[in-house]
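**Student:** this one's structure only:
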């Protein structure tokens with residue numbers, strides 16, 4: 001599954017204020033089919 005245009009835009013916006021590790025986790029989760037919101041929440045828990 002791939003990330004759609006809307007989610008790519010959200011990722012680019014979030015990239016400015018999150019770590020590379022956080023963004024890498026989000027990218028991986030979203031490529032597996034998770035939504036932006038769910039991937040973000042999970043990445044926050046992992047990187048904390």
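**Tutor:** Looks like it came in fine. Source: prediction; values computed, not measured.
**Student:** And whatever helix or strand residue 29 lives in, what's buried?
**Tutor:** Using DSSP states H and E, the element containing residue 29 is helix 20-31. The neighbour-count check on helix 20-31 (16 or more other CB atoms under 10 Å) flags 22, 23, 25, 26, 29, 30 as buried. Where C-beta positions appear, they are placed from N, C-alpha and C, glycine not excepted.
**Student:** Pick the one among the residues you listed closest to residue 47.
**Tutor:** Nearest to residue 47 among the buried residues of helix 20-31: residue 22, at 4.9 Å, using CB to CB.
**Student:** got any ranges where this protein has weak pLDDT?
**Tutor:** Nowhere does the chain drop to pLDDT under 70.
**Student:** and residue 33, which of the three is it?
**Tutor:** Per DSSP: H, G, I helix; E, B strand; the rest coil, the local secondary structure of residue 33 is coil.
**Student:** which residues sit in contact with it?
**Tutor:** Shown in contact with residue 33 (CB atoms under 8 Å, 6 or more residues apart in numbering): residue 1.
**Student:** returning to that earlier point: and the helix holding residue 29, what other elements does it pack with?
**Tutor:** The contact analysis (3 or more CB pairs under 8 Å, 6 or more residues apart in numbering; DSSP states H and E) places helix 20-31 against helix 5-14, helix 36-47.
**Student:** Other residues contacting stretch 41-48?
**Tutor:** Stretch 41-48 is contacted by residues 18, 19, 21, 22, 23, 25, 26, 29, 34 when judged by CB under 8 Å, 6+ apart.
**Student:** now with 10 Å?
**Tutor:** For stretch 41-48, contacts defined as CB atoms under 10 Å, 6 or more residues apart in numbering pick out 14, 18-19, 21-30, 34-35.
**Student:** Can you give me the buried ones in it?
**Tutor:** Buried residues in stretch 41-48, counting neighbours by 16+ other CB under 10 Å, are found at residue 43.
**Student:** Please apply the same query to stretch 1-15.
**Tutor:** By neighbour count on 16+ other CB under 10 Å, the buried set for stretch 1-15 is 3, 10, 11.
**Student:** Excluding its own residues, what touches it? List them.
**Tutor:** Taking CB under 10 Å, 6+ apart as the rule, stretch 1-15 contacts 18, 22-23, 26-27, 30-37, 39-40, 43.
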